[in-house]
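Student: heads up, no residue letters with this:
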């Protein structure tokens, strides 16, 4: 039985783009319903004019930064964990990224000090990053069992 295949590297990039769209959508919903108490992940870019810091332009910049970070995350994940067909690698890798963001925010006194966050924000951010890690991590490494089946049949 032959399964249709796609090269794994473009699949990782396409998955990361879809993951960034899903992440951004859920993040905006979390902020809108106050599951996350402030726009913690949105960057505060000091060289932008005040008119660009409000409205759709900063949202577009935030989405593009998120898209770039997602592609970088997927490429690193692809290089390190592409042979793992388990859910745990994506979850742990995305949580490590969240903790690095928290550490960076704490060291640089970013928008919000992570120590000042409420429990609902911390739980919501963890669930958001777990969801992102599940989606992208398992989608990138999912093709490996099918490749093994095709190699056995040949």
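Tutor: Received it, and whenever you're ready, just let me know what you need. Please read these numbers as outputs of a predicted model, since none were measured by experiment.

Student: Could you tell me how far stretch 103-122 lies from the centre of the chain?
Tutor: 18 Å (Cα atoms, centre = their mean, to the nearest Å).

Student: Would you mind pulling the contact partners of that stretch?
Tutor: Residues outside stretch 103-122 that contact it (Cβ atoms under 8 Å, 6 or more residues apart in numbering): 35-40, 42, 44, 102. C-beta coordinates here come from the backbone N, C-alpha and C atoms, glycine included.

Student: would you turn these into JSON lines with pLDDT?
Tutor: Output for those, formatted as JSON lines (pLDDT from 0 to 100):
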{"residue": "35", "pLDDT": "91"}
{"residue": "36", "pLDDT": "88"}
{"residue": "37", "pLDDT": "80"}
{"residue": "38", "pLDDT": "76"}
{"residue": "39", "pLDDT": "78"}
{"residue": "40", "pLDDT": "77"}
{"residue": "42", "pLDDT": "79"}
{"residue": "44", "pLDDT": "74"}
{"residue": "102", "pLDDT": "81"}
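
Student: can you pick the most crowded of the residues you listed?
Tutor: residue 36 (24 neighbours; other Cβ atoms under 10 Å).
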